[in-house]
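Asker: structure of the sequence below:
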Amino acid sequence: MKIMARKNQKAPWEEEEEIIWVSKTEMKNDMEDLQKLGEELVGLKPSVLAKFPLSDDLREAINDAQRFKNEAKRRQLQFIGKLMRNEDPEPIQLALDKIRNKHSQATAALHKLETLRDRMIEEGDAVIEEVMAKYPDADRQRFRQLARQAKKEKASNKPPKAFREIFQILKDLYLNEDL
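Answerer: Next comes the predicted model:
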């Protein structure tokens, strides 16, 4: 009796390759995600876009899309989506997330300055001393004067000129601190 081996049967010692099937819908969703990423890139300013790790073709396509309008822009965005398939989206996404994070960090810092200003007006000298400890170049006398003035403005329902000026000085001190 002769045993015939089947042609497509693998020997037990050979490893089988695992095949990962991707549905058509999943591929389509991935392409749409790449196109959305491209659309976000088109919305950026050229100075910000220069910092992104992009190929020359993609950079040129994005510059063109920024100039186009209506139907031409829509077609260009589809083309950018097609070019994005050849790019590694991870570094681009990381750079985009970094830019978004900078924006939210700046917003949080401005909220902290507003809180500091409000405390300065309400609590007076104790908070002014905190500010002087953090920003030694600040003008203590000017802060005291503006805090008193802001309190008077609030009590008499006048426009908050001193209130705004305190915030502006704090903002300038904060921005110059990083330099």
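Asker: and the protein, what are its domains?
Answerer: With domains defined by automatic domain parsing, the chain comprises 24-93, 101-177.
Asker: now those domains as TSV including mean neighbour count?
Answerer: Quick note: C-beta positions are derived from backbone N, CA and C, even for glycine. Written out in TSV, the entries for those read as follows (neighbours: other C-beta atoms under 10 Å):
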stretch	mean neighbour count
domain 24-93	14
domain 101-177	14
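Asker: in what helix or strand does residue 72 lie?
Answerer: helix 70-84 (DSSP states H and E).
Asker: following that helix, which helix or strand comes up?
Answerer: Next in sequence after helix 70-84, counting helices and strands by DSSP H and E, comes helix 89-123.
Asker: that older thread, which outside residues touch the helix holding residue 72?
Answerer: Applying C-beta atoms under 8 Å, 6 or more residues apart in numbering, the set of residues contacting helix 70-84 from outside is 31-32, 34-35, 37-39, 41-42, 55, 57-58, 61-62, 64-65, 68.
Asker: coming back round to it: quick one: closest of the domains of the chain to residue 18.
Answerer: domain 24-93 (17.1 Å; C-beta to C-beta).
Asker: and that closest one, average pLDDT?
Answerer: This predicted structure assigns domain 24-93 an average pLDDT of 84.
Asker: and that domain, how far out from the chain middle?
Answerer: Averaged C-alpha coordinates place domain 24-93 at 17 Å from its chain's average position (C-alpha atoms, centre = their mean, to the nearest Å).
Asker: that domain: end-to-end distance?
Answerer: Using C-alpha to C-alpha, to the nearest Å, the span of domain 24-93 from its first residue to its last is 24 Å.
Asker: and the residue nearest the centre of the chain, how far is that from residue 137?
Answerer: The structure's the chain has its C-alpha centroid closest to residue 100; by C-alpha atoms, centre = their mean the separation is 0.9 Å. Taken as C-beta to C-beta, to the nearest Å, the spacing of residue 100 relative to residue 137 amounts to 32 Å.
Asker: now residue 55: closest residue in space, sequence neighbours ignored.
Answerer: The spatially closest residue to residue 55, leaving aside those adjacent along the chain, is residue 87, at 6.4 Å (C-beta to C-beta, 6 or more residues apart in numbering).
Asker: ok, that neighbour - contacts?
Answerer: 54, 55, 58.
Asker: can you add distance to residue 167 and secondary structure and give those residues back as JSON lines?
Answerer: Putting the contacts of residue 87 into JSON lines (distance: C-beta to C-beta, whole Å; DSSP: H, G, I helix; E, B strand; the rest coil) gives the following:
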{"residue": "54", "distance to residue 167": "38", "secondary structure": "coil"}
{"residue": "55", "distance to residue 167": "44", "secondary structure": "coil"}
{"residue": "58", "distance to residue 167": "41", "secondary structure": "helix"}
